[in-house]
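*Asks:* Here is my input, please return the structure:
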Amino acid sequence: MTDKDKHIDLSVENYGSIKKQTYSYAVLPWGATEPHNYHLPYLTDCILAHDIAVEAVSKAWSQYGVKGMVLPAIPLGAQNPGQIELPFCIHARQETQKLVLSDIVESLYIQGIRILVIMNGHGGNNFKPMIRDLALDYPDMLIVNCDWFAVESRKGYFDEEFDDHAGEQETSAIMHFRPELVNLDTAGDGSSRPFNIDSLNEKVGWVPRNWAKTSFDTGVGNPKKSTAEKGKIYVAVVTDKIAKLFDELVNKTIY
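*Replies:* Reported below is the predicted structural model:
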């Protein structure tokens, strides 16, 4: 069975194809609208969260027989000072994100969906406080956050040790999924400046980085060694693990 036959991507589906299907869970890709160095699209976080979700849902359907639907990606991410000033970078407050998420959860709940996985593609997003609140409002609904980029360590897959934004990991992944969107020849080297305070660099305390003072090309991490093959190998491991998560959420109790 091909992905087209599975009817798993709501961004390209129609009601006629899905009305007779029974779905056990939904996946909500959530990214951001922001620059990603000079070589990746503004919607990189959305694209990768969506494509990772589709591949993982497809695997879960084929390997475990659990049927899920990937919802359209949400492009409303939290941004830093020094980043929001860049052209067309969009900052979404926690309050805005929570309202959007709450409406989606309410809609799915009415439709009988009791499992929602947020496929987060943006490191600045933090859904945990929202999920805690929604767990009180919808005690029989399971809402799970999955940061796809943290599911599997980068070590052993990529050459660059430090890679935080638009570097080798993201670039290789999008070269695998959407090579036509990447122009590696235009990429900056992703060099960055740490804090002047050692305790902040050592994470004794936390403040948001001022992106204009941290990054020189909006990237943090060198993408120059990125390849589609590295992305393919890494994504395969990540989506295997996420597919297993979907199966366990549907077929097991959490306690």
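
*Asks:* tell me how far the one helix or strand Gly16 maps to is from the chain's mean position?
*Replies:* Here Gly16 sits within helix 15-18, counting by DSSP states H and E. Shown here is helix 15-18, whose average C-alpha point lies 26 Å from the average C-alpha point of the whole chain (C-alpha atoms, centre = their mean, to the nearest Å).

*Asks:* what's in contact with it?
*Replies:* His7, Met69 (C-beta atoms under 8 Å, 6 or more residues apart in numbering). To be clear about C-beta, it is placed using only N, CA and C from the backbone, and glycine gets the same treatment.

*Asks:* The next helix or strand after it - contacts with which helices or strands?
*Replies:* Reading on from helix 15-18 to the C-terminus, the next helix or strand found by DSSP H and E is strand 25-30. Using 3 or more C-beta pairs under 8 Å, 6 or more residues apart in numbering; DSSP states H and E as the contact definition, the elements that strand 25-30 packs against are helix 44-64, strand 68-70, helix 94-110, strand 115-120, helix 228-251.

*Asks:* Okay, buried residues for the fourth one please.
*Replies:* Taking 16 or more other C-beta atoms under 10 Å as the neighbour-count basis, strand 115-120 is seen to contain the buried residues Ile115, Leu116, Val117, Ile118, Met119, Asn120.

*Asks:* now the second one
*Replies:* Applying a neighbour-count criterion of 16+ other C-beta under 10 Å, the buried positions in strand 68-70 are Gly68, Met69, Val70.

*Asks:* quick revisit: quick check, nearest of the buried residues of strand 115-120 to Leu245?
*Replies:* Val117 (7.4 Å; C-beta to C-beta).

*Asks:* Many thanks, have a good one.
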